[in-house]
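[1] return a 3D structure for these sequence lines:
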Amino acid sequence: MARKGKVVIDRELCKGCFLCVRACPLKILEPDTEPNSSGSYPSKVICPDKCIACGNCFEVCPDVCMSIYDVSA
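    Now for the predicted structure:
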């Protein structure tokens, strides 16, 4: 069975560097079109069902504003 994951992004901590967007092998992240309270455009999850909990996005995030959960059960 394939791994199933869940990405949770804290919109207020995300500064919109989009390193996570580039690091995702399945392209489930993209820049949001709505700014957060500081005016930054954070990343958002567009295809949550495709996440495999690889952790690439978490590893490259300089602000540790995302959490990855393995929900493969």
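[2] mind checking the SS state of P62?
    Counting by DSSP: H, G, I helix; E, B strand; the rest coil, the backbone at P62 sits in coil.
[3] what are the boundaries of the strands in the chain?
    Here the chain has its strands, by DSSP state E, at 5-9, 29-31, 43-45, 66-70.
[4] look up how far S37 lies from the nearest residue to C20 once chain neighbours are set aside.
    For C20, ignoring the flanking residues on the chain, the nearest one in space by CB to CB, 6 or more residues apart in numbering is C57 at 3.6 Å. In this view, the C-beta of every residue, glycine as well, is placed from N, C-alpha and C. The gap separating C57 from S37 is 22 Å, by CB to CB, to the nearest Å.
[5] between those two, which one's more packed in?
    C57 (24 against 7; other CB atoms under 10 Å).
[6] and stretch 49-57, end to end?
    End-to-end distance for stretch 49-57, by CA to CA, to the nearest Å: 16 Å.
[7] ok, now which ones touch G16?
    31, 40-43 (CB atoms under 8 Å, 6 or more residues apart in numbering).
[8] just give the number of residues close to the nearest residue to C47 once chain neighbours are set aside.
    With sequence-adjacent residues excluded and distances taken as CB to CB, 6+ apart, C47 is closest to I28, at 4.3 Å. By other CB under 10 Å, 20 other residues sit near I28.
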